[in-house]
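K.L.:
Sequence and predicted structure are below.
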Amino acid sequence: MTRHSCHHAWTSIQDFAAQRVGAAPGRGDGWTQADLDVAEERLGLGLPTALREAYLLFGRRQDLTSNHDVLLGPAELYVDDAKEALVFRQERRAAANRAAA
């Protein structure tokens, strides 16, 4: 399967952040390739392309990622007990959003 970029989505998010939040994602707002590589090694799987790109672009920007639910940092990512889903967001009430593993 070929990996596809979500370039248009990221451009829209950058424009939205610049206009509505006050600052487009910039240097230091994302996690590093090394952070994500360590997470993938620990998990034993590759992150979905869109999730990886989001973490790289603005994953540290809590004003963009955690207004309602919390985006987990790379070190906090985990696969659910049934080994069916990668958990990458935590609802403030301790529920989770999952992506198929």
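P.N.:
Yep, it's here.
K.L.:
Just to be sure, Leu86 is in a strand?
P.N.:
Yes: counting by DSSP: H, G, I helix; E, B strand; the rest coil, Leu86 is part of a strand.
K.L.:
and it, how far is that from Glu40?
P.N.:
When distance is defined by CB to CB, to the nearest Å, Leu86 is 10 Å away from Glu40. All C-beta atoms are positioned from the backbone trio N, CA, C, and that covers glycine.
K.L.:
So between these two, which is more surrounded?
P.N.:
Leu86 (21 against 15; other CB atoms under 10 Å).
K.L.:
Start and end of stretch 71-86, how far apart?
P.N.:
Distance between the two ends of stretch 71-86: 12 Å, counting by CA to CA, to the nearest Å.
K.L.:
Over to stretch 58-73?
P.N.:
11 Å.
K.L.:
Now do it: everything it contacts.
P.N.:
Stretch 58-73 has contacts (CB atoms under 8 Å, 6 or more residues apart in numbering) with 13, 17, 21, 25, 28-31, 35, 54, 74, 87-92, 97.
K.L.:
hmm, try it at 10 Å
P.N.:
The contact list for stretch 58-73, computed with CB atoms under 10 Å, 6 or more residues apart in numbering, reads 10, 13-14, 16-17, 21-26, 28-32, 35-36, 39, 51-55, 57, 74, 76-78, 86-93, 95-97.
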